[in-house]
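Undergrad: can't give you the sequence, but here's the structure:
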């Protein structure tokens, strides 16, 4: 459900969908305890030890008994006791080949997913929602919002413009890619490109508008803003000195609405 400020509560996503969300952020092995710790921070009402561990096991294609999750396509690989990683595309394809009659994904309420039954009804890291979280944070910091672009229609121009005490701020927004197509005939189907690889392109796409703002409004603070995912932190670290020389900042918005201004 949505609260009075339009933010998705813990009950919006199932434990399975939350686990998918966590797995999408992981580039290497992780433990079930790390998953549980993430649930405690991001979805405390769903952070039941037994339930989370059962879902982690059930999300693995290479475990002996996953009957509770037999109608759901796995997306994790078990490496050792209590140690897991995200399944590769080849591993998932191999599982599909050995389960040709398996339904793809869990059954969900009508209207909550795309044609494949896999896409979650809400992903917090879309450009639109990330912008919403940033604008709320800016207002709490005393900024007056001058402009917000309509991200759904890909409106041209600076995405967020704000002013405070004579200072002016311009923000180029990007989200974090979904694992699924979100529109068109393929809506709900898994993309062949991983979110991490697509995010690298989105980071690059944000750089030119940020530089353009520095040229057009040299006295304004130019910001590139993304949802807080490890890939964006890594990309910032790679070119941090160049961004500093260009006087461009990178801000990362967490799911809880907090903002980390990277130096």
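TA: That came through fine. In this text the structure is predicted, and so the values were computed from the model without any measurement.

Undergrad: Where does residue 84 sit: helix, strand or coil?
TA: With DSSP: H, G, I helix; E, B strand; the rest coil as the basis, residue 84 sits in strand.

Undergrad: That one and residue 55 touch, don't they?
TA: No. Applying CB atoms under 8 Å, one finds residue 84 not in contact with residue 55, separated by 11.3 Å. Every residue, glycine included, has its C-beta placed from N, CA and C.

Undergrad: what is the rounded mean pLDDT of the helix ranked longest in the chain?
TA: Longest helix of the chain, by residue count under DSSP state H: helix 195-216. The pLDDT scores in helix 195-216 average 95.

Undergrad: Same question for stretch 67-86.
TA: Averaging pLDDT along stretch 67-86 gives 88.

Undergrad: so how far is it from its chain's centroid?
TA: Mean-position distance between stretch 67-86 and its chain equals 21 Å (CA atoms, centre = their mean, to the nearest Å).

Undergrad: And for stretch 191-207?
TA: 12 Å.

Undergrad: and for the helix or strand bottoming out on mean pLDDT in the chain, what are the contacting residues?
TA: Least confident element among the helices and strands of the chain, by mean pLDDT, DSSP states H and E: helix 89-98 (a mean of 80). Helix 89-98 is touched from outside by 61, 62, 73, 74, 75, 77, 87, 102, 192, with contacts defined as CB atoms under 8 Å, 6 or more residues apart in numbering.

Undergrad: For the following helix or strand past it, list every residue counted as buried.
TA: Next helix or strand after helix 89-98 toward the C-terminus (DSSP states H and E): helix 127-140. Neighbour counts over helix 127-140 (16 or more other CB atoms under 10 Å) mark 127, 129, 130, 131, 132, 133, 134, 135, 136, 137, 138 as buried.

Undergrad: can you state the direction angle for helix 127-140 and helix 195-216?
TA: 50 degrees (axes from the mean of the first three to the mean of the last three CA atoms, to 10 degrees).

Undergrad: Now do helix 127-140: everything it contacts.
TA: Helix 127-140 is contacted from outside by 5-7, 123-124, 145, 148-149, 151-152, 159-160, 162, 169, 171, 173-176, 225-227, 251, 253, 257-259, using CB under 8 Å, 6+ apart.

Undergrad: in this protein, which ranges drop under the pLDDT threshold?
TA: 1-12, 100-121, 151-154 (pLDDT under 70).

Undergrad: how does it divide into domains?
TA: 10-98, 127-262 (automatic domain parsing).

Undergrad: if we can go back for a sec, so how do I select the buried members of the contacts of helix 89-98 in PyMOL?
TA: Applying 16+ other CB under 10 Å to those, the buried members can be selected in PyMOL as follows:
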select buried, resi 61+73+74+75+77+87
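
Undergrad: So what does the residue nearest to residue 157 when sequence neighbours are not counted look like in phi/psi?
TA: The shortest distance from residue 157 to any non-neighbouring residue, by CB to CB, 6 or more residues apart in numbering, is to residue 149 (5.8 Å). When quoted as degrees, to the nearest 10, the phi and psi of residue 149 stand at phi -80, psi 150.

Undergrad: Please work out how many residues are found near residue 149.
TA: Burial of residue 149 is recorded as 19 neighbouring residues (other CB atoms under 10 Å).

Undergrad: List the contacts of it.
TA: If you count contacts by CB under 8 Å, 6+ apart, then residue 149 has 131, 155, 156, 157, 158, 159, 160, 173 around it.

Undergrad: tell me which of the buried residues of helix 127-140 is nearest to residue 13?
TA: If you rank those by distance to residue 13 using CB to CB, residue 129 comes first, at 13.0 Å.
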